[in-house]
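Engineer: this one's sequence-less:
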């Protein structure tokens, strides 16, 4: 009795190689689907508003503008707003995934490092001291405040972590302390100055309205730099997920990995909140949605989070225009109304919050 063997063609791969190929194919399909979702949200963001613009009108405004009202609405109002929504959503989605990965805390959000409160305090201070009333002026103060606050948190975490570098616990505690201190200072300043209170109240809601292409251009370099650092941080985060001792044994510099991640979080969150205000729940919910598609591998989790964040923020902005037509609800309000119950449902499922 002879044993028949299956012939293998020269180009065929062994059976053991099939699963990785299927995983790569699935990953590309998911990326394509998420990119399509972002594109759909962007198209709706350009079309929907107090004055709807049909697809033909959008096409004409983009490629052959003739100076009509629809052209002005699309090119000068909605396109810059959509671009800023894409940048801010991408930034907050990436920052949320990084924050939860570095702190090993499924309830962590990008503001945990004091970035949001640092931006808020610096922005309010610029209004009171320099009498700035335009987003073009105080956005730079917001970015500077975010950078200084996160540097203070990292320094405190480094001091608490000893020679081994900052740990997730010391970072979280330092972030909570710095955030509380800056929040108290901000509250004191806005209570003493009416102009600062008016601007801060609108900023705190979180909104894409009233921003043009200049604002998107101001935050673009920071988002681009933060995105590159975030993607470069993915392999180190995968190693840290196995434990710091294992990461060191694999040749990873734990302190450098932490510093790279915190720098990325600072740039991404600082740019988003300085331009758009405090957009709650984007950085909190998005990583859970992305993790359901990617698993724990940060090389996939981070790109998925960025795309989902962009689509989610634009969808919230469009929803705010629809439900309050002909006016609109701020994107931050919509995110809070939809995000709170959704996140409650997420944390009830242990698999959704397991890191």
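Structural biologist: Structure's in. What do you need? These numbers come from a predicted model, not from an experiment.
Engineer: only C-alpha atoms for contact and neighbour calcs from this point on.
Structural biologist: Fine.
Engineer: Which residues are in contact with residue 112?
Structural biologist: With contact taken as C-alpha atoms under 8 Å, 6 or more residues apart in numbering, residue 112 is in contact with 99, 172, 175-176, 179.
Engineer: Could you tell me which ranges of the stretch 251-355 of the chain sit under the pLDDT cut-off?
Structural biologist: Across the stretch 251-355 of the chain, the ranges flagged by pLDDT under 70 are 346-347, 349-355.
Engineer: returning to that earlier point: show me which of the contacts of residue 112 is closest to residue 119.
Structural biologist: residue 179 (10.6 Å; C-alpha to C-alpha).
Engineer: quick one: the closest one and residue 110 touch, right?
Structural biologist: No. Between residue 179 and residue 110 there is no contact under C-alpha atoms under 8 Å: 11.8 Å.
Engineer: Show me which of the two is the more surrounded one.
Structural biologist: Ranked by neighbour count (other C-alpha atoms under 10 Å), residue 179 and residue 110 place residue 110 first, with 29 against 23.
Engineer: Name the nearest residue to the more buried one, sequence neighbours excluded.
Structural biologist: residue 96 (5.1 Å; C-alpha to C-alpha, 6 or more residues apart in numbering).
Engineer: State the three-state secondary structure for the one you found.
Structural biologist: Following DSSP: H, G, I helix; E, B strand; the rest coil, we place residue 96 in the helix state.
Engineer: Next one: it, what pLDDT does it get?
Structural biologist: On the pLDDT scale, residue 96 is placed at 93.
Engineer: got the contact list for it?
Structural biologist: Counted by C-alpha under 8 Å, 6+ apart, residue 96 has contacts 108-110, 265, 282-284, 286-287.
Engineer: Swap in 7 Å and give it another go.
Structural biologist: 109-110, 283-284, 287 (C-alpha atoms under 7 Å, 6 or more residues apart in numbering).
Engineer: Of the residues you listed - the most surrounded one?
Structural biologist: Counting neighbours by other C-alpha under 10 Å, the top entry in the contacts of residue 96 is residue 287, with 33 neighbours.
Engineer: Quick check: the gap between residue 100 and residue 70.
Structural biologist: From residue 100 over to residue 70 the distance is 42 Å, taken as C-alpha to C-alpha, to the nearest Å.
Engineer: This completes my enquiry, with thanks.
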